[in-house]
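Colleague: sequence-free structure coming up:
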């Protein structure tokens, strides 16, 4: 899957064990699905997953990893990936914008992106199969990009991987859950909690001012394929300026999360948050307390790679040091079923 700030790759075993302790089977709502790494892992474990995210690239990822099923889409995806991977480069908007005006990918690979994405668009495919192919292209581009993992900026010099040839791979599709087909939704979180119902709701909201649409605007444009007006050195989509979330606003984040927690239609909740976020542990525990007994698991982690590199000016000179290199990720578990929370505590995680 793509490199992603806030990825729960290292936390996945813990999340899965917590979910299994709460309910060994059932439907899980993944309310802020991002890369769908969590939803994919829970689908692999046999759960039916309802994934939601308001960004279009994240909806494509959820469609691929949660809604698409190996037995229905695998063979067609393999055939089409092989066909598209054979296309020669044809530079267009993507190359001009993200490889020449900016330097997210080497122009030779940008030309391949243009050709392959145009090829996908021409086929008029079923939306689920189209999403699988877009994700294949997104991940191929991610493997040869020249960033530290976010698209607020690119490296001054080409990363060594940027010189490699872009190559498509079929994403890791999973068989359909015995409980029913997974679903991918593209709704505001409050609209999603009003429509989706499950046994467990996993909530991993944005926790500070950084918008995911700004961090991954290249993937948003790759998915929408709409050739938008751009601004700044990073060539961000112009709508990055206006597309936001209450969770990215310090004055609004508390009310937004509280409304989501109150609206969730699931008996068990698992909330992931960072100690770098706008809301404190006491804030979140207070929000959850009305829903039942609360347990909190803590995990110490290295901060994202940009923090490890440090602060540099546009000329590439180091001009400052970050304040800290580690942070604490917290998993809050709440349920009206005290026995379920007790099973989580018995896991001895943290």
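Modeller: Sure, I can see it. Bear in mind that the values here come from a model prediction, so they are computed numbers and not experimental data. Numbering: from 1, shown residues only.
Colleague: Could you use CA atoms for every contact and neighbour count after this?
Modeller: OK.
Colleague: how close does the nearest residue to residue 109 once chain neighbours are set aside sit to residue 142?
Modeller: Excluding the flanking residues, the one nearest residue 109 by C-alpha to C-alpha, 6 or more residues apart in numbering is residue 166, at 5.8 Å. Between residue 166 and residue 142 the distance is 9 Å, computed by C-alpha to C-alpha, to the nearest Å.
Colleague: helix or strand for the residue nearest to residue 109, which one?
Modeller: Under DSSP states H and E, no helix or strand contains residue 166.
Colleague: my read: it touches residue 106, true?
Modeller: No: under the criterion of C-alpha atoms under 8 Å, residue 166 is not in contact with residue 106, lying 9.8 Å apart.
Colleague: sorry, back to before: looking at residue 166 and residue 142, which is more packed in?
Modeller: Each of residue 166 and residue 142 had its neighbours counted (other C-alpha atoms under 10 Å), and the higher figure belongs to residue 166 (25 against 21).
Colleague: List the contacts of the more buried one.
Modeller: Residue 166 sits next to 109, 112, 140-141, 143-144 when contact means C-alpha atoms under 8 Å, 6 or more residues apart in numbering.
Colleague: likewise residue 91?
Modeller: Contact partners of residue 91, counting by C-alpha under 8 Å, 6+ apart, are 107, 110-112, 114-115.
Colleague: Now those in JSON lines, please, with extra columns for pLDDT and distance to residue 35.
Modeller: Shown next, in JSON lines, are the contacts of residue 91 (pLDDT from 0 to 100; distance: C-alpha to C-alpha, whole Å):
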{"residue": "107", "pLDDT": "98", "distance to residue 35": "26"}
{"residue": "110", "pLDDT": "98", "distance to residue 35": "22"}
{"residue": "111", "pLDDT": "98", "distance to residue 35": "25"}
{"residue": "112", "pLDDT": "98", "distance to residue 35": "23"}
{"residue": "114", "pLDDT": "98", "distance to residue 35": "22"}
{"residue": "115", "pLDDT": "98", "distance to residue 35": "24"}
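Colleague: And the protein, what are its domain boundaries?
Modeller: 1-53+185-206+245-350, 70-173+207-244 (automatic domain parsing).
Colleague: rank these by pLDDT, which is bottom?
Modeller: Between the domains of the chain, the lowest average pLDDT goes to domain 1-53+185-206+245-350, which shows a mean of 87.
Colleague: show me what contacts residue 338?
Modeller: Applying C-alpha under 8 Å, 6+ apart to residue 338 gives the contacts 292-293.
Colleague: any idea how far residue 254 is from it?
Modeller: Going from residue 338 to residue 254 by C-alpha to C-alpha gives 26 Å.
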